[in-house]
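Novice: pasted the sequence and its predicted model underneath.
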Amino acid sequence: MLAYIARRIVYVIPIVLSVALVCFLLVHITPGDPLVAVLPADASQELAAQMRTAYGFDRPLPVQFGLWLWRAIHGDLGSSIATGRPVLTEVLRAVGNTVTLAVAAALIGFTLGLLFGLIAGYFRDTWIDKVATSVAIAGVSVPHYWLGMVMVIIFSVQLNWLPAVGAGPGGSGAWGWDWEHMKYLILPAITTSVIPMGIVTRTVRALTGDILSQDFVEALRAKGLRELDVFKHVIKNAAPTALAVMGLQLGYMLGGSILIETVFSWPGSGLLLNSAIFQRDLPLLQGTILVLALFFVALNLLVDIAQAAIDPRIKRG
């Protein structure tokens, strides 16, 4: 197992370097001069040259990338053009809020997805299967930003049960584990969970139905095993693939949904990306994408290790 983990970590290194390279090149492939957002409209050529030297844009690209990567490894992602604060501070605060939202949405979406998928697969081609499948298709098909706006209209505007925007009272971006903050999480978490719920439901339904039709299940039943014990074997065989799908969905949620976080004004990484794009805050854009990509890579590594722990065949392969 340790050798497998070491191999997976070695495979991750070139992926991380590639991600860092793409994030660095964002400054140079973006149309226009990256210093436009920094310089005043009437800036002289001398001032532009000084700023270009200060940001290191007068050096060759390989040198720039090496210096940027070295600073990033040491936790220095530069300063935000809009606020002047360190990018790492801004990103970590936003990512913390996104992780809170993603975990809450995962608990809702994965729990319902596993439940609906197992029931639909076990009672395949019955009315129960049709109801669960319909719910899953609706979850995947409905635009989540539209669903978010509908939920705001119903539960915030008309019924006045839950707050519509923000992450805390008075527009506070600081999170707290109390009801005053938790109620701000309910609507965005439910909205974010809908698509993962539908995908997990359809995946687990297909896995369960396929496993139940295999010969070893008939052999287990012929030996006189209780249906509950047979079902445990089905779950164990479906777990690796289901875990991979849930890991990907959690990664997408950790990546932040710009639309959902914008609809609910949730101060997460999606809203931060949206602000960085419109303000042409390139250091903030670089840092946010880099940190989110590293989160995604680390999550996939953990899922790979968990799959190998559950299914020894992966480790041997």
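Specialist: Cool, got the structure. Just so you know, these numbers come straight off a predicted model, no measurement behind them.

Novice: hey, let's count contacts and neighbours off CA atoms from now on
Specialist: OK.

Novice: now the lengthiest helix in the chain: buried residues?
Specialist: The longest helix of the chain (DSSP state H) is helix 87-122. Neighbour counts over helix 87-122 (16 or more other C-alpha atoms under 10 Å) mark 87-88, 90-106, 108-110, 112-122 as buried.

Novice: what of stretch 300-309?
Specialist: Per 16+ other C-alpha under 10 Å, stretch 300-309 contains these buried residues: 300-301, 303-305, 307-308.

Novice: what average pLDDT does that stretch get?
Specialist: Taken as a whole, stretch 300-309 has an average pLDDT of 78.

Novice: one more: stretch 25-32?
Specialist: Averaged across stretch 25-32, pLDDT comes to 70.

Novice: go on, stretch 117-124?
Specialist: Mean predicted lDDT for stretch 117-124 stands at 86.

Novice: ok, now stretch 226-242?
Specialist: On average, stretch 226-242 scores 82.

Novice: likewise stretch 140-148?
Specialist: 86.

Novice: likewise for stretch 93-104?
Specialist: The model assigns stretch 93-104 a mean pLDDT of 87.

Novice: stretch 62-78 now?
Specialist: Stretch 62-78 comes out at a mean pLDDT of 84.

Novice: buried residues in that stretch?
Specialist: 64-65, 68-69, 72, 76-78.

Novice: domains for this protein, by residue range?
Specialist: Here the domain assignment for the chain is 1-71, 91-315, based on the TED database.

Novice: out of those, which one sits most buried?
Specialist: Highest mean neighbour count among these (mean count of other C-alpha atoms under 10 Å): domain 91-315, with a mean of 19.

Novice: what's the spacing between that domain and its chain's center?
Specialist: 9 Å (C-alpha atoms, centre = their mean, to the nearest Å).

Novice: which residues of this protein fall in helices?
Specialist: Under DSSP H, the chain gives helices at 2-29, 45-54, 61-73, 87-122, 127-141, 144-151, 179-212, 215-222, 227-254, 258-263, 269-278, 282-310, 312-316.

Novice: appreciated, that's everything.
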